[in-house]
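Trainee: Provided below are the primary sequence and the corresponding predicted coordinates.
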Amino acid sequence: MIALELFGAEDEYLWERVGQGSGTEIHTLFPSTPVGRVSKMELFRAIWKHLDRLRPQAVVINGYSSWDSWVLLAWCKMKGAFPILMSDSRWDDAPRTALGEWVKRILVQQYGAALCAGAPQRKYLESLGMPPDRIFDGYDAVDNQFFGDESDKARQSPERYQTLPGLADPRSYFLASGRFIPRKNFSGLLEAYALYRERCRKGEHDTWRLVLLGDGPQRASLLNTIQALDLQEDVVLAGVQNIQNLPAYYGLASAFIHPALQDQWGLVVNEAMASGLPVLVSKQAGCAVDLVADGVEGFAFSPEDTAGLAHLMSLMSSGQVDRDQMGSAARRKISYWGVERFSQGL
């Protein structure tokens with residue numbers, strides 16, 4: 001198997017290269033050029049030339065709406081290769097128009113098969129004309145064993161991680177992680193947290209802290225909100241953490257929150273569940289339907305309902321639910337949604 005990477009640099013995501021599996025080659029077309037710095041014609045020529053050299057019998061294509069996906073699909077149709085679509089799009093994850101859906105149906109029906117994320121994504125592909133027997137799931141997966149093993153190690157030796165931002169304070173905490181952009185709804189989470197803290201003070205039970213991992217254009221705005229709501233003592237922006245540090249944050253957290261207004265899936269939820277955490281997940285995250293049953297692995301909530309989220313946070317931190325049992329259920333559920341499922345589906 002050969003993985004064709006278009007760009008070796010990315011301004012928006014701080015990806016780390018962690019090696020490659022046996023039997024896999026990674027070919028990078030533009031090793032030192034960030035995304036967006038290459039013209040469409042340059043990208044077209046580079047992809048076409050490289051595929052002509054490789055002559056693959058099948059090409060797995062990530063999505064159907066980008067320029068590179070169109071070039072890859074066109075090459076397959078011209079050269080007789082079998083195109084496989086990978087998609088986690090849902091009907092309700094973006095505004096839709098009749099013309100756009102008509103064009104999308106034409107595109108999707110050019111693919112021979114599809115690997116999708118879960119049930120909502122499968123339903124959407126079927127509505128676009130992909131035959132049900134050519135759709136397989138498991139597209140969105142993480143290394144469950146890595147997060148499970150490493151988070152357990154952090155629980156066994158928490159003192160080793162006290163120098164990491166936000167982990168010196170021994171109080172329990174909610175964890176959230178993602179890019180600081182509007183659709184991730186961290187501003188809504190801060191408002192819900194302020195309501196939650198007020199409830200705790202009135203109810204006379206301990207307030208958990210809130211640790212946010214990530215960075216992005218809304219960082220300054222979030223800091224202003226933290227100050228305006230007087231949350232400085234209880235909320236920590238711990239920055240972007242590398243893959244080796246992430247399990248410590250999951251392992252030492254008491255619950256995970258994913259508050260997105262829109263997310264096609266939400267791989268951070270996979271990471272949290274693999275780490276054995278109970279989860280509070282927005283109903284607008286594509287993973288919610290498949291991964292979260294209310295009262296089992298955690299709870300799903302409406303991301304616009306800050307009072308509702310504050311209530312669930314109170315429920316989680318007050319001892320009214322069995323968090324250990326939920327965490328174990330989360331780990332069991334996600335064990336069926338790992339890289340093995342991705343491999344089998346592909």
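Mentor: That came through, no problem.

Trainee: which strand runs longest in this protein?
Mentor: strand 25-34 (DSSP state E).

Trainee: which outside residues touch the following helix or strand past that strand?
Mentor: Using DSSP states H and E, the next helix or strand after strand 25-34 towards the C-terminus is helix 40-54. With CB atoms under 8 Å, 6 or more residues apart in numbering as the contact definition, helix 40-54 has outside contacts at 2, 4, 6, 27, 29-30, 38, 59, 67-68, 71-72, 75, 79. For glycine as for every other residue, the C-beta is placed from the backbone atoms N, C-alpha and C.

Trainee: and those, which are buried?
Mentor: Buried members of the contacts of helix 40-54, counted by 16 or more other CB atoms under 10 Å: 4, 6, 29-30, 38, 59, 68, 71-72, 75.

Trainee: parallel or antiparallel, list what pairs with the longest strand of the chain.
Mentor: Applying DSSP bridges to the sheet, strand 25-34 is found paired with strand 2-9 (parallel).

Trainee: chain center to the strand it pairs with: distance?
Mentor: Its chain's average C-alpha position is 20 Å from that of strand 2-9, according to CA atoms, centre = their mean, to the nearest Å.

Trainee: again with stretch 333-346
Mentor: On CA atoms, centre = their mean, the centre of stretch 333-346 falls 15 Å from that of its chain.

Trainee: what comes up buried for it?
Mentor: 333-334, 337-338, 341-342, 345.

Trainee: first-to-last residue distance for that stretch?
Mentor: As for stretch 333-346, its first-to-last residue distance stands at 20 Å under the measure CA to CA, to the nearest Å.

Trainee: what's next to that stretch, contact-wise?
Mentor: 60, 84, 115, 136-145, 270, 273-274, 290-291, 296-297.

Trainee: mind listing the strands for this structure?
Mentor: 2-9, 25-34, 58-62, 82-87, 113-116, 135-137, 173-177, 209-213, 235-239, 255-258, 279-282, 298-301.

Trainee: possible to save the ones you listed as CSV with distance to residue 200?
Mentor: Shown next, in CSV, are the strands of the chain (distance: least, CB to CB, whole Å):
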stretch, distance to residue 200
strand 2-9, 44
strand 25-34, 44
strand 58-62, 43
strand 82-87, 42
strand 113-116, 40
strand 135-137, 40
strand 173-177, 12
strand 209-213, 11
strand 235-239, 14
strand 255-258, 14
strand 279-282, 16
strand 298-301, 18
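
Trainee: redo those strands as CSV? Include distance to residue 151 and mean pLDDT.
Mentor: Output for the strands of the chain, formatted as CSV (distance: least, CB to CB, whole Å; pLDDT from 0 to 100):
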stretch, distance to residue 151, mean pLDDT
strand 2-9, 28, 86
strand 25-34, 28, 88
strand 58-62, 28, 97
strand 82-87, 28, 98
strand 113-116, 27, 98
strand 135-137, 25, 96
strand 173-177, 11, 98
strand 209-213, 14, 98
strand 235-239, 16, 97
strand 255-258, 11, 98
strand 279-282, 14, 98
strand 298-301, 16, 98
